[in-house]
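> Here's my sequence, what's the structure:
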Amino acid sequence: MEAEAVVFGRAMDGHSEDVATAVTALYEGHALGLMRLALVMVGDRPTAEDVVQEAFLGLYRRWPHLRDRDRALTYARSAVLNGCRNVLRRRRLPFRAEHLPPIWSAEAAAIVGEDRREVMTALHRLPARQREALVLRYFCELSEAEIAETMRISRGTVKSTTSRAMAALARMLREVQ
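Now for the predicted structure:
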């Protein structure tokens with residue numbers, strides 16, 4: 001009998017070590033980007049970390065059932081988006097970005113910080129699908145095909161949703177000024 005490995009709190013047979021290796025490699029290569037995606041979507045680091053961890057735990061659990069393991073990153077992105085949707089749905093308070101990346105001077109921090117808050121607030125006033133399309137396109141720099149696959153919508157829907165979102169975001173930001 002093969003030695004058992006304990007992975008994610010479960011005793012698994014030796015075959016699961018291959019699963020753990022594959023999921024770990026995917027995590028090491030993409031967790032940071034998915035964390036940034038979750039952080040932009042939910043606004044705070046601890047929640048974003050939880051969302052990403054849950055996505056990878058789900059990926060690990062579902063690995064034997066994946067039809068196309070080359071699309072595991074797409075599965076993880078979709079799981080992160082779904083996790084963010086669930087978090088935002090449960091929240092009673094409005095979105096508030098707590099994380100601001102480092103800035104080079106106090107003046108720049110004041111200017112960029114306020115601009116960033118206005119953009120993030122406007123972004124979170126958009127409908128969920130529009131917000132997700134913009135974040136995936138401009139923050140994660142995904143192609144239309146990758147966005148369509150991640151959101152499970154057509155490329156045409158990605159184009160129209162992104163266009164409507166940009167127009168709405170521009171209107172909101174003009175109102176602020």
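> Skip ahead from the top helix by length along the chain and say which helix or strand is next.
Longest helix of the chain, by residue count under DSSP state H: helix 15-42. Using DSSP states H and E, the next helix or strand after helix 15-42 towards the C-terminus is helix 45-62.
> buried stuff in that next one?
Across helix 45-62, burial judged by 16 or more other Cβ atoms under 10 Å covers 47-48, 51-52, 54-56, 58-60. In this view, the C-beta of every residue, glycine as well, is placed from N, C-alpha and C.
> Where do the strands of this structure begin and end?
Along the chain, counting by DSSP state E, strands occupy 5-7, 10-12.
> of the buried residues of helix 45-62, closest to Gly83?
Val51 (3.8 Å; Cβ to Cβ).
> care to break the protein down by domain?
1-99, 101-177 (automatic domain parsing).
> okay, those domains in a markdown table with mean pLDDT next?
As requested, those are exported to a markdown table (pLDDT from 0 to 100):
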| stretch | mean pLDDT |
| --- | --- |
| domain 1-99 | 80 |
| domain 101-177 | 83 |
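> How many neighbouring residues does Leu26 have?
Other residues near Leu26 come to 20 when the count uses other Cβ atoms under 10 Å.
> Same question for Val87.
19.
> before we move on, what about Arg67?
Counted with other Cβ under 10 Å, Arg67 comes out at 5.
> coming back round to it: closest one to Met151 out of the buried residues of helix 45-62, please.
Of the buried residues of helix 45-62, the one sitting nearest to Met151 (Cβ to Cβ) turns out to be Ala55, at 14.9 Å.
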